[in-house]
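K.L.:
Have a look; sequence and predicted model below, questions after that.
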Amino acid sequence: MKIKGKNKGAVKRDIVTEVTNIYDVITNGKHLYWAAFPKSRIGRARIDGSRRRPGFMKAGGYACGVTIAKKKLYWAECDNGRIARSNLDGKKKRRNWFKTPGPQSLTSDGKKLYFSTWGSIGWVNLKNRNNKIRPMVNATWGIVYVK
């Protein structure tokens, strides 16, 4: 692929190539973090692709989704129903931070952690995760409705 004009150099492919089945990727502006499925690993590299660490952290289950909120890294383990978290350096890992059936992708607005599961989207407060899962969208037999 050759890009000309003012967008020259705008696309860089194959920053990380040693890993197969990358399921999700997020950045904090300094590092890239990714969930590698089914190896159950969280990877990390500098934003330019240097200092790649495909096995930066071992997830407890199949790592599906990954996001960053409030200087914490969160990942979904879709096979065992857990959302885990750690500091961005991989320390203070909490595997059972939150449980929900089949979590997939994650995102956050800084106050809530939003997640998709098998057929729904829900959220949980980042401060008090002991509250109930708040469903937002449920999908049943191809029909999507908002609660």
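P.N.:
Thanks, I have it. Numbering: from 1, shown residues only.
K.L.:
The spatially most central residue of the chain and Asn128: what is the separation?
P.N.:
Central residue check for the chain by Cα atoms, centre = their mean: the C-alpha nearest the mean position is that of Val66, 0.9 Å away. With the distance defined as Cβ to Cβ, to the nearest Å, Val66 ends up 22 Å from Asn128. From N, CA and C alone the C-beta is placed, and that goes for glycine too.
K.L.:
Make sure Ser40 is actually in contact with Ala63.
P.N.:
Yes - look at Ser40 against Ala63 with Cβ atoms under 8 Å: they come within range, at 5.6 Å.
K.L.:
So between the two, which is more surrounded?
P.N.:
For Ser40 versus Ala63, the count of surrounding residues by other Cβ atoms under 10 Å is larger for Ala63: 29 against 17.
K.L.:
Assess the claim that the more buried one and Phe37 are in contact.
P.N.:
Yes - the pair formed by Ala63 and Phe37 meets the contact definition of Cβ under 8 Å, at 5.9 Å.
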